[in-house]
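A.B. asks: Mind folding the following:
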Amino acid sequence: DNFGAPAGTLCGSGERLAVGDWICEPCLWTSWTYCGKAVAGSKGGTLLALKPERLLETVAGHKEAATEMAIYAHMVVKELNTIVDEDLSDTLCFDLDLQ
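C.D. replies: Sure thing, here's the model as predicted:
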């Protein structure tokens, strides 16, 4: 599952996430081994779990969305392949140019 973490969440590396940050996005696009553990702060938050299979089912009937998702997934995997193992993290952010 892919998890949208609440603000202030501490991740395995001690990182704090801001509102709108994601954790574990790579598991949507490739085989992924989680790098740490996330713990919600005292204010709690909302957790969103997204199963890759359901995402594929949802976009399957929407050709343009499916095409854009496939392009994005390819770009993420390409970017992941440039990162040395020691720098991989569940809190990676991808700033990709989709144009």
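A.B. asks: got the buried residues for stretch 67-80?
C.D. replies: Using 16 or more other C-beta atoms under 10 Å as the test for burial, stretch 67-80 gives M69, V76. No exception for glycine: its C-beta is placed from N, CA and C like everyone else's.
A.B. asks: Would you quantify the distance from the residue nearest the centre of the chain to N81?
C.D. replies: Residue closest to the mean C-alpha point of the chain, counted by C-alpha atoms, centre = their mean, is E25 at 1.3 Å. To N81, E25 is 15 Å away according to C-beta to C-beta, to the nearest Å.
A.B. asks: Ok, T46 next?
C.D. replies: In this structure, T46 and N81 are 32 Å apart, going by C-beta to C-beta.
A.B. asks: now E53
C.D. replies: For E53 relative to N81 (C-beta to C-beta), the value is 24 Å.
A.B. asks: quick one, helices of the chain?
C.D. replies: Per DSSP state H, the chain carries helices over the ranges 52-60, 63-80.
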